[in-house]
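Undergrad: give me coordinates for this.
(2 chains)
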Amino acid sequence: MIFDLAFIWAGVIAFAVLTYVILDGFDLGIGILFPFLRKKEDKDLAMNTVAPVWDGNETWLVLGGGGLYAVFPLAYGVVLTALYVPIIAMLIGLIFRGVAFEFRWRTEKGQYLWDWSFFGGSIMAAFAQGVALGALVQGIEISDRLYAGGNFDWLTPFSLLTGVAVVVGYALMGSTWLILKTTGAVRELAYWFSWRLSFGVWVSLGLVTAITPFLNPEYFTRWFTWPTILFSVIMPVLLLFASYLFYTGLKNRNDVTPFLATLALFTLGFIGIGISFYPYIVPPTLTIWQAAAPDSSLAFIGWGALFLIPTILIYTSYSYWVFRGKVEPGEGYH
Amino acid sequence: MFGFDAIELARMQFAFTVSAHITFPAFSIGLASFLAVLNGLHFYTKKEIYLQVFNYWKTIFAVTFGMGVVSGIVMSYQFGTNWPIFADKTGPILGPLLGYEVMSAFFLEAGFLGIMLFGRDRVGPKLHLFATSMVALGTLMSATWILSVNSWMQTPAGYSINEVGQFVPENWFEIVFNPSFPYRLVHMVLAAFLTTALAIGAVGAWHLLKDSTNKPARLMFSMTMWMLITVAPLQIIAGDEHGINTLEYQPAKIAAMEGHYETEEGGTPLIIFGFPNDETERVDYAVKIPYLGSLILTRSLTGSFPGLTEFPKEDRPPALIVFWTFRIMVAIGFGMLGLGLWGVFKRWRGSMYESRWLQKASILMGPMGFVAVLAGWVTTEVGRQPWTVYGLLRTVDSAGPLEASAVGTSLLVFIVVYFTLFGAGTVYILRLMGQNPDEGTDIHDLGPTRAAGITPGLAKNLSNEEPKK
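TA: You can find the predicted model right below:
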């Protein structure tokens, strides 16, 4: 039985994490680009494009964590102890950047400190998330329902590479978001960055994709044997199509396409990881079914999720709709 | 590390991060409801003053809420980083409850917060009131779920234990509505309301001291005095009932709170002062009132309840801490009632806004709600030791294969970061509170706010009045 509650819930958690990556990705990205916005007004503007929505964006991270605790408690415990250092680093980073949203408007003398706090926290959180992802792909050693490795097993060239990849990727999301939401000098700078960052994304995505199959024989079999080898054909085609949209969007100075194409790139990368992982939730030993809470738990929260997650998506969309359009410096709306 | 083992460091870390966190929700639960009431009053009466006070507290709410969000994310991951065995064993029961908290509360708050803070001119007063109400509802839903979680750990019900040692659900109704949940929920929500009322009252009093005709300050002060006189007595009753419930389910906790070592027949005194000594099993320098202990806990002069010595030593909580934190909380509770009575008297005499001493006392009581909330939580959390799931899972058996160096280092980082950042946040909040609420909240006097950035061209006109339709 494959389409059981545990499988559905793995899908829901994956959805929450992907939604988080997409939503907080662009607002972390703005933090990463912050020092490059030289003028104070430009910084104000960039921050204001995400100010009304960042709390909601980060809530998806809480759903990812809380959901994992609820439906895969074993995976939650094992993964978080194994990734202790990057997780704590991520949390600290999120605090530094989260408070900056409010604090930097509360002081003039100390504003530059909160600008750095916003940048430092954002890049630290993004890098830590990337490192955590890489470490999970590498695999986590488990014995007797507990993490069996050391404090620094996560630290490898591969996890550092995924850390850099996520920073570059989030920065690209941030810059394409700024194309979408701003005009004038900030938008020009965002174009400049989007071109350059996209090459960084290609290089890091290429490296990660090339290395991953060799980290675990199961990944290799997944990508290079029939019938799942089909993914090795489909995924690159989709990636090429997304980047075609991205570059034509940039070239035609389209507002929306570069951002959406970047989201598509991220989604495809995420699906790629899912293809490698299945049926494991914590490679190389713990499957979705071994980690799952009993069906009574999954069903209880499942009924709520069935109703609540669509509701959340509706009012989140409404909030984005209320704050739609360009955020302008100085003059009113065009 | 520092002479502590990994478990002790993990406990310190949890105690520190959760204590820092709870102060923000305690304030934002109350403030969200306060803001919803002000918004509603403005909507129905159209009196400008309500919107003026709303805008004043809105900014303070935003700063508080931001700190609550980021310190809360830490909590949701800390179960896993430091307490993986606890997470594995309780996940099937507590996980879904926390999941419901995220889905029904956190998203509601965060989803409507943007509109509440920046969207009034975009959605109009009606939807703005709706958004504010949703934020308030979200904070209350959040309190409901998280207190159900905490209460289940204190008074577990509706579970069984499976072959790998996990607690698994048998009856969700019994789990959610476990025996201590209703008491704890009422007690905490009232505490949040009182804490917020005291803070608002102190700000009102501060500005009344400078100018007793200050209208917004009068409104804040008056609303606080009404809150205190109505809610403080209810809180004392709720707390007392909660105590009776604790005696039934966690008698060792009550014994420790009362410094009650030996079970006594024929009437137990109430020890109002003293230093419980777990070594000698007696209370040093005790000041006692005969029969009062029995009267409060058994509703009879001669009733008896178990002393700490009836429990094996390894199952007892440390008495000295909970004895004192409990007394601090109760003293502040009665202080609130006293302030409320004083306010009623002055209101009756028609001099509430002029009474210097009442205002000074209100300022002194301003931060006391936070102290009481922390003292109360220390009482209930230290009092349920040595268990994480009462009677079933010991604290020492809940942590994972931690290395003291990792836990100790992260603890140090949390302490430094929290004191620096939340310290700065507290300074900014105090600075906002120092702004005269009657100076028309011209946004440029306060320094730019986020609202100014969203629609900069309009912000000057919109900061303090209705958009022109």
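
Undergrad: per-residue pLDDT of the residue in chain A that chain B sits nearest to, please?
TA: Ranking the residues of chain A by distance to chain B (CB to the nearest CB) places residue A:73 first, at 2.2 Å. All C-beta atoms are positioned from the backbone trio N, CA, C, and that covers glycine. As summarised for this prediction, residue A:73 has a pLDDT of 85.

Undergrad: residue contacts, it?
TA: If you count contacts by CB atoms under 8 Å, 6 or more residues apart in numbering or on different chains, residue A:73 has them with A:291, A:293, B:87-92, B:95, B:166.

Undergrad: quickly name whichever of those residues is closest to residue B:288.
TA: residue B:90 (40.0 Å; CB to CB).

Undergrad: what's the closest non-adjacent residue to the residue of chain A closest to chain B?
TA: Excluding its sequence neighbours, the residue lying closest to residue A:73 (CB to CB, 6 or more residues apart in numbering or on different chains) is residue B:91, at 2.2 Å.

Undergrad: and for residue B:106?
TA: Among residues not flanking residue B:106 along the chain, residue A:59 sits closest, at 4.8 Å (CB to CB, 6+ apart).

Undergrad: what does residue B:242 give?
TA: Spatial nearest neighbour of residue B:242, excluding adjacent residues (CB to CB, 6+ apart): residue B:183 at 4.0 Å.

Undergrad: picking up where we left off before, residues in contact with the residue nearest to residue A:73?
TA: With contact set as CB under 8 Å, 6+ apart, residue B:91 has these partners: A:69-70, A:72-74, A:76-77, A:293, A:297, B:166.

Undergrad: from those residues, pick the one nearest residue B:210.
TA: Comparing these against residue B:210 with CB to CB places residue A:69 closest, at 49.6 Å.

Undergrad: and the helix or strand where the closest one lies, which residues are buried?
TA: Residue A:69 belongs to helix A:54-71 when assigned by DSSP states H and E. Within helix A:54-71, the residues that count as buried by 16 or more other CB atoms under 10 Å in any protein chain shown are A:54-71.

Undergrad: the helix or strand hosting residue B:16 and chain A, any residue contact?
TA: If you go by DSSP H and E, residue B:16 is part of helix B:6-45. No - against chain A, helix B:6-45 shows no contacts by CB under 8 Å from any CB of the partner chain, the least distance being 9.4 Å.

Undergrad: distance from that helix to the middle of the chain?
TA: 6 Å (CA atoms, centre = their mean, to the nearest Å).

Undergrad: got it, and stretch B:401-409?
TA: Worked out by CA atoms, centre = their mean, stretch B:401-409 lies 29 Å from the chain centre.

Undergrad: let me see the mean pLDDT of the host helix or strand of residue A:314.
TA: Using DSSP H and E, residue A:314 sits in helix A:295-322. Average pLDDT, helix A:295-322: 88.

Undergrad: now do it and helix A:54-71, the angle between them.
TA: 170 degrees (axes from the mean of the first three to the mean of the last three CA atoms, to 10 degrees).

Undergrad: what comes up buried for helix A:295-322?
TA: Those would be A:296-298, A:300-302, A:305, A:308-309, A:312, A:315-316, A:319, A:322, for helix A:295-322 by 16+ other CB under 10 Å.

Undergrad: just send those residues back as a markdown table, with distance to chain B too.
TA: Below are these laid out as a markdown table (distance: CB to the nearest CB, whole Å):
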| residue | distance to chain B |
| --- | --- |
| A:296 | 5 |
| A:297 | 4 |
| A:298 | 8 |
| A:300 | 5 |
| A:301 | 4 |
| A:302 | 9 |
| A:305 | 6 |
| A:308 | 4 |
| A:309 | 7 |
| A:312 | 4 |
| A:315 | 5 |
| A:316 | 5 |
| A:319 | 5 |
| A:322 | 5 |
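
Undergrad: quick one: which of the residues you listed is nearest residue B:153?
TA: Nearest to residue B:153 among the buried residues of helix A:295-322: residue A:297, at 16.3 Å, using CB to CB.

Undergrad: quick one: secondary structure of the nearest residue to the closest one once chain neighbours are set aside?
TA: Closest residue in space to residue A:297, ignoring its immediate chain neighbours: residue B:92 at 4.2 Å, by CB to CB, 6+ apart. With DSSP: H, G, I helix; E, B strand; the rest coil as the basis, the three-state label of residue B:92 is helix.

Undergrad: can you pull out the strands in the stretch 51-200 of chain B?
TA: Assigned by DSSP state E, counting those that start in this stretch, the stretch 51-200 of chain B shows strands spanning B:159-161, B:167-169.

Undergrad: give the contact list for residue A:56.
TA: With contact set as CB under 8 Å, 6+ apart, residue A:56 has these partners: A:23, A:316, A:319, B:107, B:110-111, B:113-114.

Undergrad: now these as TSV including distance to residue A:201?
TA: Converted to TSV, these look like this (distance: CB to CB, whole Å):
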residue	distance to residue A:201
A:23	18
A:316	26
A:319	28
B:107	30
B:110	29
B:111	30
B:113	32
B:114	29
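
Undergrad: and these, which two are furthest apart?
TA: A:23 and B:113 (14.6 Å).

Undergrad: same drill for these two, tell me which one is more crowded.
TA: More crowded of residue A:23 and residue B:113, by other CB atoms under 10 Å in any protein chain shown: residue B:113, with 28 against 23.

Undergrad: ok, that one touching residue A:55?
TA: Yes - here residue B:113 reaches residue A:55: they are 5.4 Å apart, a contact under CB atoms under 8 Å.

Undergrad: which neighbours do these two share?
TA: Going by CB under 8 Å, 6+ apart, residues that sit against residue B:113 and also against residue A:55 are residue B:65.

Undergrad: who's the closest spatial neighbour of residue B:218, skipping the chain neighbours?
TA: With sequence-adjacent residues excluded and distances taken as CB to CB, 6+ apart, residue B:218 is closest to residue B:353, at 5.5 Å.

Undergrad: next up, the contacts around that neighbour.
TA: Going by CB under 8 Å, 6+ apart, residue B:353 touches B:208, B:212-213, B:218, B:221.

Undergrad: can you name the two of those that sit furthest apart?
TA: Spanning the widest gap among the contacts of residue B:353 are B:213 and B:221, at 12.2 Å by CB to CB.

Undergrad: cheers, nothing more for now.
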